[in-house]
Every structure is written in C-alpha cells, then in structure tokens.
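Visitor: Provide a 3D model corresponding to the input given below.
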Amino acid sequence: HYDWSGSVNWKVMKYVHLTLGRGKHFFGEGHRSLFLSDIATGYPYFKITTTAWHIRYVNLFTMLNDVRDANGDPSDFRRKYASFHYLSWNASKRVNFGIFESIVWQDDDPDYPRGFDINYLNPVVVYRPQEFAQGSSDNALLGLAVNARLGAATQLYGQLMLDEFLLREVRDGRGWFGNKQGFQLGVAAYDAFKAKGLFMRLEFDYVRPFTYTHSDTRQNYSHFGQPLAHPYGSNFWELVGQARYTHRRWIYGVHLSYALLGSDMGAFSFGNNIFRPERDRNIDADNDRDDYYYGVGDGAEVRIVYSELSAAYLIDPRTGMRLEASYTFRQRMPDGHPDHITNFFRLGIATHFRDRYRDQEVRYVLP
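Guide: So this is what the prediction gives:
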C-alpha cells in the first residue's frame with residue numbers, strides 16, 4: 001500500500017484557478033470535518049476554484065475506489081466517482097457562511113452503465129433535483145457551515161450535515177432510521193488567555209445512525225475502505241480537546257478525546273458501519289425490519305478514551321521536520337466485555353506535511 005500527492009495549477013483568469021492532481025481535501029474549520037476530511041487515502045481529482053468579491057466557490061470532481069472483494073488487486077477495484085461543491089461567503093469581517101453538497105455514484109451498474117456522469121459536471125447545479133431528473137438513486141448529501149470570529153483570535157465554528165431529512169419524521173421524535181443527520185460545534189483560540197504561542201480547541205461532533213450509508217453500498221461515503229468524513233463512521237458522538245504551546249523551536253502538545261459509539265450487534269446493523277446497507281437493520285417481532293427507535297449509542301455500546309502528550313524540537317521550519325517524543329494512552333470499553341488498554345511511547349524524526357489522525361477506531365472488516 002502506498003499514498004502520494006501532487007498537483008499542477010493554472011490561473012485561467014484573475015478569479016479562476018484550475019487544479020489537476022492526486023491527494024486529499026478538507027472542508028471545514030475543525031479537527032474533524034463532517035463534510036469532506038483528509039483521513040482517507042489520496043485520490044485523483046480536478047478542482048475549479050472561483051474567488052470574487054466576498055465569495056469563494058469550489059468545484060471538486062474525484063475518482064474513488066471500492067476495494068471490497070478485490071484482495072488487494074488494483075485491477076479488481078470497483079470504480080466510483082464523487083462530485084463536490086462548496087460555497088463560502090464572508091458575510092462580514094467576522095462571520096462566514098458555507099454551503100456544501102456532494103454526490104457519489106458508481107460506474108458499474110449493469111442497469112445503468114455510465115462511467116463519469118457528465119450531468120454532474122454542471123458547476124452550479126443543486127444535486128438533489130439533478131439526481132431526480134436523471135432517474136437515479138445516487139447518494140447526495142447537503143451541508144451548512146458557519147464560523148464567527150470573536151475578539152482578535154477566537155473562532156466559533158459549526159457544521160450541519162444532512163444525508164436524508166424528512167421534517168415530519170424529525171418532529172415525530174421516534175428515531176426513524178432515515179433521519180440521517182450530524183452536526184459539529186467547536187471553538188478554537190489562538191494566543192489563548194493572551195499567552196503568545198498557545199493554541200486551544202474544544203470540539204463536539206454528533207452523527208446519527210446510518211448517516212453516510214446507502215442501500216447500494218458501492219455508493220456509500222467512502223474511498224479505499226475509509227470514510228470520507230469522520231473516521232468513526234456514524235452512530236457516535238465525540239468530544240475533542242487540544243492544546244499546543246509553541247516557544248521558539250519547541251512545541252508541546254496535549255490531545256484528548258472521548259467518544260461513544262453504537263456498534264453493530266451480530267447480523268444486525270445499528271448504523272455505525274457505513275459499509276453495511278440500511279436493510280441490515282434490526283428485525284422486529286413481526287419479522288420486519290425496524291424503522292424506528294434508532295438513537296446515537298444504540299447497539300453494542302463502545303466508549304473510547306484517547307490521550308496523547310507530546311514534545312518536539314523543530315529542526316527545519318520549511319518542511320516541519322522535527323525531533324518528536326510522545327506518550328499515548330488509549331482505552332476501548334465495549335459494554336459487557338473487558339476493556340482494551342494500550343500504552344505506547346514514540347520517539348523519532350517526523351514531518352507534518354498534513355494532519356495525522358491517530359485517534360481512530362479499528363477499521364471495520366468490510367462485508
């Protein structure tokens with residue numbers, strides 16, 4: 001397995017940039033993103049970035065892989081595609097609003113072979129009406145974002161992700177499986193408490209069961225066996241705290257997280273594993289699939305505690321190369337089973353060209 005990234009850029013005109021490359025992307029202000037994160041392996045992409053007035057608009061077209069049943073043979077990977085739009089508007093000097101949308105589709109449907117669907121190349125279309133016009137059942141998602149700057153160096157931010165939304169069922173309050181939503185709330189402070197070089201973050205992420213899943217698992221929100229958004233998939237909440245202090249070339253860090261997941265039980269899905277179809281949900285007394293009473297944490301409850309202390313000396317500021325030491329404690333507490341506790345130390349030379357997410361759950365066995 002390998003991963004690499006690179007790109008070429010072309011400034012077409014004053015307001016438009018084109019980028020062709022292979023790599024990852026991240027939409028959002030937090031440690032996590034519920035829209036599109038840089039957790040998964042890199043992928044080929046074409047990006048159009050348009051900036052004018054107080055608006056920045058990104059069109060991102062990607063080619064992804066479903067690696068299940070391929071036994072590691074790239075020639076057997078099943079191709080799928082995704083198209084993303086992100087519109088960012090600076091409403092004022094302190095407030096920014098964002099609108100996100102994406103759609104994922106596979107190219108090997110025997111009933112509808114199409115490869116890259118040119119209908120999704122439209123740079124301004126709202127995908128849900130386009131999807132209905134095509135008569136397809138592709139996986140479309142919609143997101144809203146806001147961030148506001150308080151004072152000189154404190155930022156509040158949030159995301160709302162809508163995979164499926166039916167207001168009648170939300171108001172009903174019975175936990176309909178199709179209520180696929182998630183949200184993020186966070187605050188980040190630079191030079192916190194007026195201490196130069198001190199960065200602090202507190203973030204809460206919440207995603208309902210079955211979000212990012214699809215009845216056709218080839219169209220789930222993933223690439224190369226990894227989620228495209230949050231590494232825990234769905235049916236979870238997580239609280240993250242970070243602190244980092246930089247003094248000259250010394251960097252000291254603390255990373256803490258606590259998460260509750262509702263993992264699957266036996267043959268039934270409770271909406272945590274996005275690689276399982278929705279139809280795998282629980283069977284009721286009448287031998288029908290349960291449509292209601294799905295909440296975050298339902299299923300086999302798992303709690304995860306992660307903490308890391310680190311210290312580093314910056315060798316080369318241009319590349320981020322540093323001599324780094326850290327201690328990590330991780331405790332996984334499955335309900336009714338013995339806890340799994342891990343302690344490990346790390347010492348070495350590292351570069352930080354991109355974020356590394358060590359606070360993850362063990363990857364699923366893909367069905």
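
Visitor: Using PDB, list the CA coordinates for the host helix or strand of Glu238.
Guide: According to DSSP states H and E, Glu238 maps onto strand 236-247. The C-alpha coordinates for strand 236-247 follow below in PDB (Å, rounded to 0.1, in the frame of the first residue of the first chain):
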ATOM      1  CA  PHE A 236     -21.500   8.300  17.600                       C
ATOM      2  CA  TRP A 237     -20.700  11.400  19.500                       C
ATOM      3  CA  GLU A 238     -17.200  12.600  20.200                       C
ATOM      4  CA  LEU A 239     -15.700  15.400  22.400                       C
ATOM      5  CA  VAL A 240     -12.200  16.500  21.400                       C
ATOM      6  CA  GLY A 241      -9.800  18.800  23.300                       C
ATOM      7  CA  GLN A 242      -6.500  20.100  22.100                       C
ATOM      8  CA  ALA A 243      -3.700  22.400  23.400                       C
ATOM      9  CA  ARG A 244      -0.500  23.300  21.700                       C
ATOM     10  CA  TYR A 245       2.200  25.600  23.000                       C
ATOM     11  CA  THR A 246       5.000  26.900  20.700                       C
ATOM     12  CA  HIS A 247       8.000  28.700  22.100                       C
END
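
Visitor: Give me the next element, helix or strand, following it.
Guide: Where DSSP H and E defines the elements, the next helix or strand beyond strand 236-247 is strand 250-263.

Visitor: Which strands or helices does that following strand pack on?
Guide: strand 236-247, strand 300-316 (3 or more CB pairs under 8 Å, 6 or more residues apart in numbering; DSSP states H and E). For the C-beta atoms, the positions are set from N, CA and C on the backbone; glycine is no exception.

Visitor: Can you show me the strands along the stretch 51-200 of the chain?
Guide: For the stretch 51-200 of the chain, applying DSSP state E, counting those that start in this stretch gives strands covering 55-66, 78-90, 95-106, 139-150, 154-164, 180-190, 198-207.

Visitor: Using CSV, please lay out those together with mean neighbour count, mean pLDDT and distance to Gln360.
Guide: Below are the strands of the stretch 51-200 of the chain laid out as CSV (neighbours: other CB atoms under 10 Å; pLDDT from 0 to 100; distance: least, CB to CB, whole Å):
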stretch, mean neighbour count, mean pLDDT, distance to Gln360
strand 55-66, 19, 94, 20
strand 78-90, 19, 93, 22
strand 95-106, 20, 93, 22
strand 139-150, 20, 94, 22
strand 154-164, 20, 95, 19
strand 180-190, 19, 97, 17
strand 198-207, 20, 98, 13
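
Visitor: quick one: pLDDT of Asp280?
Guide: Asp280 carries a pLDDT value of 89.

Visitor: list the contacts for Tyr206?
Guide: By CB atoms under 8 Å, 6 or more residues apart in numbering, the contact set of Tyr206 is 182-184, 236-238, 296.

Visitor: And these, which two are furthest apart?
Guide: Largest separation among those by CB to CB: Gln184 and Val296, giving 13.9 Å.

Visitor: before we move on, back to that, between the strands of the stretch 51-200 of the chain, which gets nearest to Arg332?
Guide: strand 198-207 (18.1 Å).

Visitor: any idea which of the contacts of Tyr206 is closest to Val302?
Guide: Phe236 (8.8 Å).

Visitor: looking at it, that closest one is touching Tyr258, isn't it?
Guide: No: look at Phe236 against Tyr258 with CB atoms under 8 Å: they stay out of range, at 11.1 Å.

Visitor: more crowded one of those two?
Guide: Of the pair Phe236 and Tyr258, Phe236 is the one with more neighbours under other CB atoms under 10 Å, namely 27 against 15.

Visitor: returning to that earlier point: so can I have TSV of the helices and strands packed on strand 250-263 showing distance to Tyr327 and mean pLDDT?
Guide: Shown next, in TSV, are the helices and strands packed on strand 250-263 (distance: least, CB to CB, whole Å; pLDDT from 0 to 100):
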stretch	distance to Tyr327	mean pLDDT
strand 236-247	15	97
strand 300-316	5	95
